[in-house]
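Engineer: For reference, the sequence and a predicted model appear below.
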There are 2 protein chains.
Amino acid sequence: MDPKETLKAHILKTANLTDKEFDYLFSHFKLQSFKKGQAIISEGDKVDHEYFVISGCLKAFFINDEIKMYILQFAMPTWWTSDYGALYNHTRATISVDCLSDAEVLCLSNDDREKICSEIHQAEHFFRWRTNRGYLASQKRLLSFMNNDTKARYEELLAMYPQLYNLVPKHLIAAYLGVSRETLSRLYNAQK
Amino acid sequence: MDPKETLKAHILKTANLTDKEFDYLFSHFKLQSFKKGQAIISEGDKVDHEYFVISGCLKAFFINDEIKMYILQFAMPTWWTSDYGALYNHTRATISVDCLSDAEVLCLSNDDREKICSEIHQAEHFFRWRTNRGYLASQKRLLSFMNNDTKARYEELLAMYPQLYNLVPKHLIAAYLGVSRETLSRLYNAQK
């Protein structure tokens, strides 16, 4: 996949940028390659960038005081990820991001996003709707956690990422759902 | 509190609108008064508006199949609320909103928000950052639910709404935290 064309198709779904505006916007992104297992953001890091996935799969996760891992997001191609709390509030990372496979990402700094948004109205429009959608996904997930509805979380996960079950180790899917591996097996077998 | 000045001060914290631009934006809002207990959005409604609270306190909630209530948000003055899933996706309400006290709200339609955002770049900037902040709050709450950290949720709630404990019946605070009334009493007594 051509990184520039991938990002362009993604943005033009939401916003009307001219070719010239898109080229200008794109000039602020930097293509980076990572190896499977490599960390992109580690707890305690200064966070200056967000990442748009071109290929591969990343995970954004949190480790609690008992060293238990919680997965906030699997980031697949055309998904955005970062520790947005640290990025927006200029604090140190509490969320880590690493690579479940070799991956290519386009990275954009916080400063450049704000600059582009102030210069190009349609870029601001794109980023507003990107966050609106992220907000809805987060609310939906919050409700299924409040309601302790593991089955709903499992079905939402498969709907969002149909290919995930073959890509990602089962213990990581369990860490996303917040369930044990045994509960995950039960859900998986009930679906077949 | 004067509704217009309240909204103006709120928006100008984030965006630079001229007086003329703000007056134009404000002309799309409609002031509405509700009585304690009155419903603003009920499950199954068509949702066309979002609400900016001027006075009083609203709650946004979800009722599951077992008729158990989960509170997504207490909306106090200068907070925004709606069923954003239904509003953005043009689906019927699954989240309800009603009044914990008499309340005044400024309401804005989905169509008018989009019109204003396309006409005034700084209005789009304001709404982008409003959602960015909502997204962060939602992620923080999601993490504390995943991590099952009731104490963190309780402290976050008091930090966001210091006056809430005196305003809102205890069973509703428990429904926000996703705990029993007994657990809430334990947390409350531990804080004193």
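Structural biologist: That came in fine, so what should we check first?
Engineer: tell me, which helix in chain A spans the most residues?
Structural biologist: helix A:121-146 (DSSP state H).
Engineer: which other helices and strands contact the lowest-mean-pLDDT helix or strand in chain A?
Structural biologist: Scoring the helices and strands of chain A by mean pLDDT, DSSP states H and E places helix A:164-167 at the bottom, with a mean of 81. Under the contact criterion of 3 or more Cβ pairs under 8 Å, 6 or more residues apart in numbering or on different chains; DSSP states H and E, helix A:164-167 touches helix A:150-160. In short, each C-beta sits where N, CA and C put it, glycine included.
Engineer: Show me what the helix it packs on is packed against.
Structural biologist: Judged by 3+ Cβ pairs under 8 Å, 6+ apart, helix A:150-160 is in contact with helix A:121-146, helix A:164-167, helix A:170-177, helix A:181-191.
Engineer: Show me what from chain A comes close to chain B.
Structural biologist: A:62, A:64, A:68, A:70, A:72, A:84-85, A:88-89, A:117-118, A:121, A:124-125, A:127-128, A:131-136, A:138-143, A:145-147, A:149, A:178 (Cβ under 8 Å from any Cβ of the partner chain).
Engineer: which of these are buried?
Structural biologist: In those, burial by neighbour count holds for A:62, A:70, A:72, A:84-85, A:88, A:117, A:121, A:124-125, A:127-128, A:131-136, A:138-143, A:145-147, A:178, counting by 16 or more other Cβ atoms under 10 Å in any protein chain shown.
Engineer: Which residues does the least confident helix or strand of chain A contact?
Structural biologist: Helix A:164-167 has contacts (Cβ atoms under 8 Å, 6 or more residues apart in numbering or on different chains) with A:Cys57, A:Phe74, A:Met76, A:Leu100, A:Ser101, A:Leu157, A:Leu158, A:Ile173, A:Tyr188.
Engineer: And the first one, what's its pLDDT?
Structural biologist: You'll see A:Cys57 listed with a pLDDT of 94.
Engineer: Please look at it and A:Ala103 and confirm they touch.
Structural biologist: Yes. The criterion here is Cβ atoms under 8 Å, and A:Cys57 meets it with A:Ala103 at 6.8 Å.
Engineer: So for the two, which residue has more residues nearby?
Structural biologist: More crowded of A:Cys57 and A:Ala103, by other Cβ atoms under 10 Å in any protein chain shown: A:Ala103, with 24 against 21.
Engineer: can I see the domain layout of chain A?
Structural biologist: A:3-147, A:148-192 (automatic domain parsing).
Engineer: okay, these, which one's buried deepest?
Structural biologist: Highest mean neighbour count among the domains of chain A (mean count of other Cβ atoms under 10 Å in any protein chain shown): domain A:3-147, with a mean of 18.
Engineer: roughly how far is it from the heart of the chain?
Structural biologist: Relative to its chain's centre, domain A:3-147 lies at 5 Å (Cα atoms, centre = their mean, to the nearest Å).
Engineer: Can you get me the start-to-end distance on it?
Structural biologist: End-to-end span of domain A:3-147 (Cα to Cα, to the nearest Å): 39 Å.
Engineer: can you put the contacts of helix A:164-167 in a markdown table and add distance to A:Asn166?
Structural biologist: Formatted as a markdown table, the contacts of helix A:164-167 follow (distance: Cβ to Cβ, whole Å):
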| residue | distance to A:Asn166 |
| --- | --- |
| A:Cys57 | 11 |
| A:Phe74 | 13 |
| A:Met76 | 13 |
| A:Leu100 | 12 |
| A:Ser101 | 12 |
| A:Leu157 | 13 |
| A:Leu158 | 11 |
| A:Ile173 | 11 |
| A:Tyr188 | 12 |
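Engineer: And the furthest pair within those?
Structural biologist: A:Ser101 and A:Tyr188 (21.3 Å; Cβ to Cβ).
Engineer: and the domains of chain A as a markdown table, adding distance to B:Ile40?
Structural biologist: Shown next, in a markdown table, are the domains of chain A (distance: least, Cβ to Cβ, whole Å):
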| stretch | distance to B:Ile40 |
| --- | --- |
| domain A:3-147 | 18 |
| domain A:148-192 | 26 |
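Engineer: which residues touch the closest residue in space to A:Ala152 that isn't next to it in sequence?
Structural biologist: Leaving aside its chain neighbours, A:Ala152 sits nearest to A:Ser144 (4.5 Å; criterion: Cβ to Cβ, 6 or more residues apart in numbering or on different chains). Contacts for A:Ser144 (Cβ under 8 Å, 6+ apart) come out as A:Ala152, A:Arg153, A:Glu156.
Engineer: A:Phe61 now?
Structural biologist: If you count contacts by Cβ under 8 Å, 6+ apart, A:Phe61 has them with A:Met69, A:Tyr70, A:Ile71, A:Leu72, A:Ile95, A:Ser96, A:Val97, A:Asp98, A:Ala175.
Engineer: Name the nearest residue to the fourth one, sequence neighbours excluded.
Structural biologist: For A:Leu72, the nearest residue in space outside its immediate sequence neighbours is A:Ala60; the separation is 4.7 Å by Cβ to Cβ, 6+ apart.
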